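1. Pasting a predicted model and its sequence here:
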Amino acid sequence: MDVTVRAIKAEEIDKIASFIATGYADDIFFKWCVDHDKDQHKIVTEYYKVYLNAKGCMAHVAENNSGEIVGATVWLPHDVDAGIYDGINKAVGTHAGNFQEVADKSHANEPTNGPFYQLVAVVTDKKLRGQGIGAALLKHQIDYLDGLGIPTYLEASTPYYGGGVYGKFGYKYFGMLMKFAEGIVLYPLYRPALKEKKTAFIWDESYFWHSAGDGALFEPAGGYVQELGPVESPESKRRIKNLLERSGLIKQLVQVEPIPATWEQLQYFHTKRHIEAVKEMSKVGGIDCGFYAIVGRGSYEIAKLATGGAIQAVKTVVESDTINTAYALTRPPGHHAETDRGVGFCIFNNIVVAAKYAQKELGIKKIAIIDWDAHHGNGTEDAFYEDDSVLFISLHQDNLEPIGRGKKEDIGKGKGEGFTINIPLYAASGDAVYKYAFEQIVIPAIENFEPELILISAGQDASIYDPLARMMLSTEGYRYMTKATKELADKYAKGRLVALHEGGYCPTYVPFCTHAIIEELSGIATDVGDPFIFDMKGTTYNELLPHQKERVDEIKKYLNEY
Ligand SMILES: [Zn+2]
């Protein structure tokens, strides 16, 4: 729809105030208020009238071709907004307690290091929504405020002008989903008021040159097994980088070059014997350094650079003033590697060394690690099993490799007791199950722990199309987990969040899952989407089936009672 956006005129203030109040009244949040008190429209109108009169014409409206006003936007210093809430709170009277809870929660994550301003855009005619009018208004208002040097943040408390609209402008947001007693759902999205932070991307061409041997799946070729190339091929990783380039997202990330991990850093976790053995095997290539962990020719240098990539990612988010999140496309992966041997394609344990580096060299004390690879992160668990400074949470397919690891009863030992959380899910668990596990276990555990840094072992082998696991995550599931983790990082860890690539063996789908993760980390939306999600409709990928819910409940109960 063609609209013209312009500043409002003084004589329009009453009309526009009422228009905005009408938009507000349709908001689920305000609908709740209106349902409890019929005068809400009047109250909100009055507040806007007072504000607009005081500020003159610093609001904008969208007009259609016939000169009718179809949308409006206004900016408010935060305390004015709080004043509106207070006014409504008083008017709501007997429901004040409940309302206060709604208002408090809706403001809980707002920036407090202002000054900052909130923008509200409304399009009251439902038929006109989704046509970019709200977006045009917000863009106009943001440009206007940017011109005045005024920092802003945006709040969308209604889904109809949600993230999709804002994402178009490349702003960085974090959002949250809140549920209240009466079933009201708010979707606020913010544009941080002051400095926008960026996302680092770490990779090196050599990561794609590591040879994980030959054979087929994870076994050597021979007998009836025809050579195909190992399932841990470079292709799923190279195609991630390709997709980032194709979508243009890579240009909006900050490229950080990896530096090889030093011998000393590797020894934060690994034995000298293991490091030396890998070095020797690497001269020849094709030798297993433990259990299904082939060292190719030259893989020692590449593995050191992968661990070094993890280190640089951590160093960047901790030390940089402008970057707070990172994705490291490390290969070979790391989370299975044990102190004295490689396991399951993993030679050195990238995430463990990076976490220990953060503690030893950067002075970070408390770190949370979320491992959503479909396989249990046994090496990482070993490293911190008796450590209360690292909270390790693994969500995985129950009893997949390594068999026998990652049981709910494995909760840490000694002073580390309670700092290891295993969430073994049934095969065929998808988006809704992971979301439920996050809500019930992961999020409360991290809130309780209050980490200074969050690391993710990002294994995209829990996707529905993976050949090595039987989980059913879609890109949307990975998106959700990233977003939820980012909110936790924003809340507790100054936004410091690093995702390290682990497994993921469907070369077609892993890039889309990873692209979604990086979109969420950076807050930058692209038009890539998920070309494969269509085929998942009709499956239970986004259902929480009774046995799946029971499993999560049972784990939660165990953790609460042990
Ligand atoms: Zn895996």
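-> Received it, and whenever you're ready, just let me know what you need. Residues are numbered from 1 along each chain as shown.

2. State the helix or strand in which the residue in the chain positioned nearest to the ion lies.
-> The minimum distance from the chain to the ion, using Cβ to the ion, falls at G503 (2.8 Å). To be clear about C-beta, it is placed using only N, CA and C from the backbone, and glycine gets the same treatment. Assigned by DSSP states H and E, G503 belongs to no helix or strand.

3. Isn't it up against C346?
-> No. Counting by Cβ atoms under 8 Å, G503 does not reach C346; the two are 9.1 Å apart.

4. so what sits against both of those two?
-> Residues touching both G503 and C346 (Cβ atoms under 8 Å, 6 or more residues apart in numbering): P333.

5. the more surrounded of the two?
-> Set side by side, G503 and C346 show more neighbours around C346, with 31 against 26, by other Cβ atoms under 10 Å.

6. Tell me who's in contact with that one.
-> 293, 332-337, 379.

7. most surrounded residue in these?
-> A337 (35 neighbours).

8. That one and I351 touch, don't they?
-> No. If you go by Cβ under 8 Å, A337 and I351 don't touch, sitting 9.5 Å apart.

9. circling back: run through the contacts of C346 and flag the ones next to the ion.
-> The subset of the contacts of C346 lying close to the ion, counting by Cβ under 5 Å from the ion, is empty.

10. Which one of these is nearest to P467?
-> P333 (15.7 Å; Cβ to Cβ).

11. Isn't that closest one up against Q460?
-> No. Counting by Cβ under 8 Å, P333 stays clear of Q460, with 10.9 Å between them.

12. Could you pull out the residues contacting both of the two?
-> By Cβ under 8 Å, 6+ apart, the residues touching both P333 and Q460 are 501, 503.

13. wait, what's in contact with E554?
-> So E554 contacts K408 (Cβ under 8 Å, 6+ apart).

14. which SS state does it fall under?
-> Classification of E554 using DSSP: H, G, I helix; E, B strand; the rest coil returns helix.

15. repeat for I142
-> helix.

16. what number of residues lie near it?
-> Quick note: I142 (other Cβ under 10 Å) scores 20 neighbours.

17. Next one: it relative to H60, how far apart?
-> 10 Å (Cβ to Cβ, to the nearest Å).

18. for the ion, what are the nearby residues on this structure?
-> 373, 375, 459, 461, 503.

19. try it again with 6 Å
-> Listed as neighbours of the ion in the chain under the rule Cβ under 6 Å from the ion: 373-375, 459, 461, 502-503.

20. Strands of the stretch 301-450 of the chain, residue ranges please.
-> For the stretch 301-450 of the chain, the strands defined by DSSP state E, counting those that start in this stretch cover 323-328, 342-343, 367-371, 390-397, 420-425.

21. can you list contacts of the fourth one?
-> It stands for strand 390-397. Counting by Cβ under 8 Å, 6+ apart, 355, 366-377, 380-381, 383-384, 406, 419-427, 429, 434, 437, 441-442, 445-446, 449, 451, 462, 469-471 sit against strand 390-397.

22. Apart from its chain neighbours, what residue comes closest to F208?
-> P234 (3.9 Å; Cβ to Cβ, 6 or more residues apart in numbering).

23. Report the contact partners of that neighbour.
-> 207-210, 331.

24. who wins for most neighbours among these?
-> Those, ranked by neighbours (other Cβ under 10 Å): first place R331, 29 neighbours.

25. how much space between that one and L266?
-> Distance from R331 to L266, by Cβ to Cβ: 17 Å.

26. Next: V352.
-> In terms of Cβ to Cβ, V352 sits 10 Å off from L266.

27. Neighbour count for the two, which is higher?
-> Taking neighbours as other Cβ under 10 Å, V352 and L266 compare with V352 leading, 31 against 22.

28. and K49, how many neighbours does it have?
-> Count around K49 with other Cβ under 10 Å applied: 18.

29. and the helix ranked longest in the chain, which residues are buried?
-> Ranked by residue count under DSSP state H, the longest helix found in the chain is helix 299-319. By 16 or more other Cβ atoms under 10 Å, the buried positions in helix 299-319 come out as 299-300, 302-318.

30. A7: how many residues sit nearby?
-> What A7 shows, counting by other Cβ under 10 Å, is a neighbour count of 14.

31. Could you do E11 as well?
-> 7.

32. mind listing what it touches?
-> Per Cβ under 8 Å, 6+ apart, neighbours of E11: none.

33. on contacts alone, who are the packing partners of the longest helix of the chain?
-> strand 198-202, strand 254-256, helix 263-266, helix 272-284, strand 323-328, helix 350-361, strand 453-458, strand 497-501 (3 or more Cβ pairs under 8 Å, 6 or more residues apart in numbering; DSSP states H and E).

34. Out of these, indicate the one that is most buried.
-> strand 497-501 (a mean of 30; mean count of other Cβ atoms under 10 Å).

35. Moving C-terminal from it, which element do we reach first?
-> Trace forward from strand 497-501 with DSSP H and E and the next one is helix 510-522.

36. and the residue nearest to the spatial centre of the chain, what element?
-> When Cα atoms, centre = their mean is applied to the chain, the residue found nearest the centroid is T482 (2.0 Å). For T482, the host element (DSSP H and E) is helix 475-492.
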